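Peer 1: fold the following.
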Amino acid sequence: MILEASDLEAGYGRIPILSGVSFAVAQGEFIGILGHNGMGKTTLLRTLMGYVPATAGRVMFEGADITRAEPYRRARACMGYVPQGREIFPGLSVRDNLRMGAVARLTDEAAAIESVLEIFPRLKRLIDRPGGALSGGEQQLLAMARCLVGDPKLILLDEPTEGIQPSIIDEIAETLLSLRSKGGLTMILVEQNLDFIAALSERVLIIQKGAIVHSAKPGELHGHGLVNEFIGVSE
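Peer 2: Next comes the predicted model:
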């Protein structure tokens with residue numbers, strides 16, 4: 001397993017959010033995390049990345065205990081994070097945003113950026129444009145490209161379709177499916193778009209009140225009442 005979370009607990013101040021989360025992700029596996037807003041999805045990713053400290057439990061990455069490791073150490077260990085809301089640098093050009101993603105990479109920066117632009121060709125014509133001048137969908141592509149410049153083995157991807165036009169959602173899905181087919185990359189995807197999460201994930205974990213309550217196959221998300229049963233959404 002590339003990542004293992006065991007009895008993980010975390011929160012904000014005295015407010016507990018995660019309550020004994022346990023799951024494992026195999027090398028090359030794409031898994032989805034599905035749940036209502038406020039159930040702990042984003043907190044889970046932020047805890048795995050080290051931005052929210054775990055108050056109990058353990059996180060293992062490639063056999064090493066990273067429970068107390070700072071976020072930059074996790075990034076250097078080849079964990080990548082694309083946060084909800086994208087958090088690009090709006091005053092920097094697309095090129096300079098990508099350069100920020102290459103900070104922890106040991107190989108040639110220019111070659112790394114060129115390689116990622118081949119994956120996201122839409123960004124080529126925008127390379128000198130400020131990040132803040134891009135559309136929401138283009139900013140999402142930039143956030144993903146910036147993460148990939150660091151050559152991660154695992155990507156934590158939080159709500160990539162939020163507020164994005166359908167054409168770019170399709171482009172994101174095609175790009176991620178292409179990356180999955182090439183192997184070598186592992187992804188944990190938090191998403192509310194059922195079609196998107198079902199298309200990309202090999203299995204989907206459902207989270208309620210800070211705990212994983214069910215593991216489903218993508219095909220189970222439609223037509224069996226599973227979503228209504230566990231997260232209270234009718235199809």
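Peer 1: going forward, measure contacts and count neighbours with C-alpha atoms only.
Peer 2: Noted.
Peer 1: low-confidence regions, this structure specifically.
Peer 2: Applying pLDDT under 70 to the chain picks out residues 104-107, 223-235.
Peer 1: tell me the secondary structure at the residue positioned nearest the centre of it.
Peer 2: In the chain, the centroid-proximal residue (C-alpha atoms, centre = their mean) is L157; its distance is 1.3 Å. Under the three-state scheme (DSSP: H, G, I helix; E, B strand; the rest coil), L157 adopts strand.
Peer 1: does it touch G85 like I think?
Peer 2: No. Applying C-alpha atoms under 8 Å, one finds L157 not in contact with G85, separated by 10.8 Å.
Peer 1: secondary structure of D151: a strand, I assume?
Peer 2: No. Assigned with three-state DSSP, D151 falls outside any strand and is coil.
Peer 1: that one contacts C78, correct?
Peer 2: Yes. Between D151 and C78 there is a contact under C-alpha under 8 Å: 6.8 Å.
Peer 1: more neighbours: which of those two?
Peer 2: Neighbours were counted for D151 and for C78 using other C-alpha atoms under 10 Å; D151 has more, 23 against 18.
Peer 1: that one and A145: what is the separation?
Peer 2: Distance, D151 to A145, by C-alpha to C-alpha, to the nearest Å: 10 Å.
Peer 1: outline the domain layout of the protein.
Peer 2: 1-78+153-159+169-235, 81-150 (automatic domain parsing).
Peer 1: other SSEs contacting the longest helix along the chain?
Peer 2: For the chain, the helix with the greatest residue count under DSSP state H is helix 166-182. Using 3 or more C-alpha pairs under 8 Å, 6 or more residues apart in numbering; DSSP states H and E, the elements in contact with helix 166-182 are helix 136-149, helix 194-200.
Peer 1: so what touches it?
Peer 2: 28, 30, 119-120, 137-138, 141, 161, 185-186, 196, 199-200 (C-alpha atoms under 8 Å, 6 or more residues apart in numbering).
Peer 1: let's see it at 6 Å
Peer 2: Residues external to helix 166-182 that are found in contact with it (C-alpha atoms under 6 Å, 6 or more residues apart in numbering): G137, T161.
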